[in-house]
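Novice: with the input below, show me the fold.
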Amino acid sequence: MTELSPRERARAATEQDIRRHARTLLVEHGSDAVTLRAIARELGITAPALYRYYASREDLLRQLCDDICADLSDELSTAFDPSSEDFLGRTFAVCRRFRAWALAHPKEFALVFATPKDRSRQPDRFASVFLSIVAPMMSENPNAGEMVKAPIDLPDLSVQQKSLAEAFSHEGIDMPPEAMDAEAVYFLMRWWVRLYGHIALEVFGRFPFDLFHADQLFDATLHELAAESGLT
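Specialist: Numbers count the residues shown, from 1 in each chain. A predicted model of the protein is given here:
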């Protein structure tokens, strides 16, 4: 690896300072508070000087999203023990860790998961770890051979199957074709919709009624999904 020059190291350090201050503003005051002017004031430089590092506020927020996704990836990876033979336990551990992270980091969750994705960019690090975790869910499912069927007549999911296969390939994950059938893709989509929906409603306080015993309700959702997916 080529060693960075002193100038390159100084630039990298400044970029880290900028993103660290940006994240502090995000956590304490929300994404609207993350402005180049506010960060420049914290760093004791002029706002135009920041344009040497980030082309715009949107560019800075995208980089901040990548930092958050990297942290979340590390968080979820620690919950996923590939050496464990408890397949369902591994799956539940990752889901619970994701919920715990979201509740502890609501502003970061909102920035990453409640803002439109820039489709022109390559997949972020969260997509990478998400695929690495769901791959064994799909390929190692101990009941996959029983051909668990979806409870409804599925629409044509060939486009989604192709897109998911390409995403796995991009990450260097080898998936057997039988693990990528329409039912498997359907259940993967169902898991994400149910998990994200529950977590987002909880994080944003958008349940239409007072929510009690949230942990038990979330676990009940996991067990329902597992049963419907043939994991139990």
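Novice: which elements pack onto the lowest-mean-pLDDT helix or strand in the chain?
Specialist: Lowest by mean pLDDT, DSSP states H and E among the helices and strands of the chain is helix 125-139, with a mean of 73. Helices and strands touching helix 125-139, by 3 or more CB pairs under 8 Å, 6 or more residues apart in numbering; DSSP states H and E, are helix 57-79, helix 87-104, helix 158-170, helix 182-203. Quick note: C-beta positions are derived from backbone N, CA and C, even for glycine.
Novice: and that helix with helix 57-79, angle?
Specialist: Inter-element angle recorded for helix 125-139 and helix 57-79: 40 degrees (by axes from the mean of the first three to the mean of the last three CA atoms, to 10 degrees).
Novice: quick one on the thing from earlier: mind checking which of the helices and strands packed on helix 125-139 is nearest Leu131?
Specialist: helix 158-170 (5.9 Å; CB to CB).
Novice: residues making contact with the closest one?
Specialist: Pro123, Ala127, Leu131, Ala135, Asp174, Met175, Met180, Asp181, Ala182, Val185, Leu188, Met189 (CB atoms under 8 Å, 6 or more residues apart in numbering).
Novice: just give the nearest non-adjacent residue to the third one, would you?
Specialist: In this case it means Leu131. Spatial nearest neighbour of Leu131, excluding adjacent residues (CB to CB, 6 or more residues apart in numbering): Glu171 at 5.1 Å.
Novice: same question, the second one
Specialist: Setting aside the residues directly before and after it, Ala127 is nearest to Ala167 in space (CB to CB, 6+ apart), at 7.1 Å.
Novice: then the last one?
Specialist: Setting aside the residues directly before and after it, Met189 is nearest to Gln160 in space (CB to CB, 6+ apart), at 7.2 Å.
Novice: great, nothing more from me.
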